[in-house]
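K.L.:
structure, please.
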Amino acid sequence: MEVGKVQKSEAYTRKQYTAKQYMKFWLPSLIGVLLFLVPISVNDKVTIGLGVLADGLQGLIADYIPFIMKSILCLSAVGSLVVKSTNISMIKNSPFLSSLFDITPFWLILRCVGAVFAVLTLNQIGPEFIWSDFTGGVVLYDLVPVLMVWFLFACLFMPLLLQFGLMDFIGTVVRKIMFPLFKLPGRSSIDALASWMGSGTVGVLLTTQQYESGYYTKREAAVVATNFSIASIAFSLIIARFLDIDDMFVQFYFTVIVTGIVAAIICPRIPPLSKKKDEYYEPVGKQIDEIVPDGVSSFRWGVEQAVEKASQVKSYRSVVKSGFQNVIDIWFALIPLVMALGTIALVIAEFTPIFTYLSYPFVPFLQLLQIPEAHAAAPAMIVGFADMFLPAVIGSGIESELTRFVIGVMSLTQLIYMSEIGILLLKSKIPISLLQLFIIFLQRTIITLPIAAAMAHFLFF
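P.N.:
Below is the predicted model of the structure:
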């Protein structure tokens, strides 16, 4: 590493750029920051510019979204079946269409299941446990509309963060903080901020695109996706209100931040995350270098790296085209999986005792931590693996405010929930399995629960 720095130092000469070159970095990056990272208050709700656009569109077409997405899910399933059973040259010769519809049998089955679940739920036909308000209804009417509009704008505007140098600039400047604490490149701070201000799914989408572009190793991508895709402030407030602890929101969110940071420091240092290889995505290879040469400030070097990155964008049309292709890929390839696996997970949570059985070991743990109503709270410690909102549903009926406080904190710090984040990760090229996701979920629960309980006991109650 030191040899590399000396070599860079000897070869380094300060580059001169034109005002136009600087503007190509600063202007798109500033717009990206304003859309993704700057919190604003709208109707007493903390959100971001991207959230204003998403909420506005969702409000305009809310009544039509379930039908629109049902149609897209059906088209995705039928299109995949046709491509697998025929040889259409137009699709076979198009890399984008081929990757969209020519999929493995496993993902094809899930697409078909997602389409069937959407039809049953929209028309309320078939077994009620599939389309009820607590299973398929939650996914189709609550989760899918949010994902549809958020991913639409996130995919269209994410190039402002990724392709015009902002990640390179921030990564260089804050590497001295991120690497010692979390063993991550500095650019991972952008993923965390995008999640914090906007949506955890946006953070995962950022991470997967960075990994597939050669900016994260396998280990770094897995760590960022499972530790930094934190819930937004807006969703945290919803959880607090649902649990009737919104009068303590500052204390509540402070606890979420503290426990999340501790988990993000510990989890990457233990298996399975610590066993991930520091290898880059093979088809692309390594595309990152945040080391600052001797004799130049981090800020100056970051600006130079950012301007160089922005200069690689030759056509804005290609950026827009890539954005729309990402939208189509999300709508046709990911949302069917959300509909299928999300519904299955909620059916298991609502209509089987599996999560209750799995929660039994947490009863003595909660009692040791002196959490009131431990038996009632235990299922909330494990059911979050299915969906982030389920712990709040279970906890809302508990009398103890301290217990509701702890449950709310846990629902936000566990991070790995299959109805959304888990499916995103399994669908991505990041090498992480379902079993590993469950292990990380348990690790985060075991690490953060004592901290949340201690802060609740000694600081707030």
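K.L.:
low-confidence ranges in the stretch 1-150 of the chain?
P.N.:
For the stretch 1-150 of the chain, the stretches with pLDDT under 70 are 1-13, 45-46.
K.L.:
in it, what residue spans correspond to strands?
P.N.:
Ranges of strands in the stretch 1-150 of the chain, per DSSP state E, counting those that start in this stretch, are 40-42, 45-47.
K.L.:
from the rest of the structure, what touches the first one?
P.N.:
Residues external to strand 40-42 that are found in contact with it (Cβ atoms under 8 Å, 6 or more residues apart in numbering): 46-49, 52, 55. Backbone N, C-alpha and C define where each C-beta goes, glycine included.
K.L.:
quick one, which of those are buried?
P.N.:
Burial by neighbour count, 16 or more other Cβ atoms under 10 Å: within the contacts of strand 40-42 this picks out 47-49, 55.
K.L.:
okay if I get those as JSON lines plus distance to residue 87?
P.N.:
Listed next are the buried ones among the contacts of strand 40-42 as JSON lines, based on distance: Cβ to Cβ, whole Å:
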{"residue": "47", "distance to residue 87": "47"}
{"residue": "48", "distance to residue 87": "45"}
{"residue": "49", "distance to residue 87": "45"}
{"residue": "55", "distance to residue 87": "44"}
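K.L.:
closest to residue 409 out of these?
P.N.:
Taking Cβ to Cβ as the measure, residue 409 lies nearest residue 47 of the buried ones among the contacts of strand 40-42, at 21.7 Å.
K.L.:
now the closest one, which residues is it bridged with?
P.N.:
residue 40 (DSSP bridges).
K.L.:
isn't it up against residue 55?
P.N.:
Yes - counting by Cβ atoms under 8 Å, residue 47 touches residue 55, with 7.1 Å between them.
K.L.:
before we move on, back to that, rebuild the contacts of strand 40-42 as CSV, extending it with distance to residue 170.
P.N.:
As requested, those are exported to CSV (distance: Cβ to Cβ, whole Å):
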residue, distance to residue 170
46, 22
47, 22
48, 17
49, 18
52, 23
55, 27
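K.L.:
quick one: the helices in the stretch 151-300 of the chain?
P.N.:
For the stretch 151-300 of the chain, the helices defined by DSSP state H, counting those that start in this stretch cover 159-162, 166-182, 188-197, 200-212, 218-227, 233-242, 249-266, 298-311.
K.L.:
ignore the last one, the stretch 351-461 of the chain
P.N.:
When secondary structure is read from DSSP H, counting those that start in this stretch, the stretch 351-461 of the chain shows helices at 354-359, 362-368, 374-382, 390-395, 401-413, 423-427, 434-455.
K.L.:
nearest to residue 258, out of the ones you listed?
P.N.:
helix 434-455 (6.7 Å).
K.L.:
need the residues that contact the closest one.
P.N.:
226, 255, 258-260, 262-263, 266-267, 270, 272-273, 365-366, 369-371, 381-382, 384-385, 405-406, 409-410, 413-416, 418, 422, 425-426.
K.L.:
ok, of these, which come out buried?
P.N.:
For the contacts of helix 434-455, buried by 16+ other Cβ under 10 Å: 226, 255, 258-260, 262-263, 267, 272-273, 365-366, 369, 371, 381-382, 384-385, 405-406, 409-410, 413-416, 418, 422, 425-426.
K.L.:
and the nearest residue to residue 117 once chain neighbours are set aside, what does it touch?
P.N.:
Of all residues not flanking residue 117 in the chain, residue 343 sits nearest, at 4.9 Å (Cβ to Cβ, 6 or more residues apart in numbering). Going by Cβ under 8 Å, 6+ apart, residue 343 touches 117, 121, 130, 135-136, 139.
K.L.:
one more time with 10 Å
P.N.:
Residue 343 sits next to 113-114, 116-118, 120-121, 129-132, 135-140, 143, 419 when contact means Cβ atoms under 10 Å, 6 or more residues apart in numbering.
K.L.:
now which of those would you call buried?
P.N.:
113-114, 116-118, 120-121, 130-132, 135-140, 143, 419.
K.L.:
among the residues you listed, name the ones in helices.
P.N.:
113-114, 116-118, 120-121, 130-131, 136-137 (DSSP state H).
K.L.:
so which two of those are the farthest from each other?
P.N.:
113 and 137 (16.6 Å).
K.L.:
report how many residues lie close to residue 23.
P.N.:
By the criterion of other Cβ atoms under 10 Å, residue 23 has 14 neighbours.
K.L.:
pretty sure it sits against residue 306.
P.N.:
No - contact criterion Cβ atoms under 10 Å: residue 23 and residue 306 do not qualify, at 11.9 Å.
K.L.:
which helix or strand contains the residue nearest to residue 117?
P.N.:
helix 335-351 (DSSP states H and E).
K.L.:
identify each buried residue in that helix, please.
P.N.:
335-350.
K.L.:
pipe the ones in helices among the buried ones among the contacts of residue 343 into TSV and attach distance to residue 78 per row.
P.N.:
Converted to TSV, those look like this (distance: Cβ to Cβ, whole Å):
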residue	distance to residue 78
113	14
114	12
116	12
117	15
118	13
120	16
121	18
130	20
131	21
136	20
137	24
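K.L.:
and which of those is nearest residue 397?
P.N.:
The closest of those to residue 397 turns out to be residue 137 (Cβ to Cβ; 20.2 Å).
K.L.:
please tell me how far that closest one sits from residue 347.
P.N.:
Distance of residue 137 to residue 347, given as Cβ to Cβ, to the nearest Å: 12 Å.
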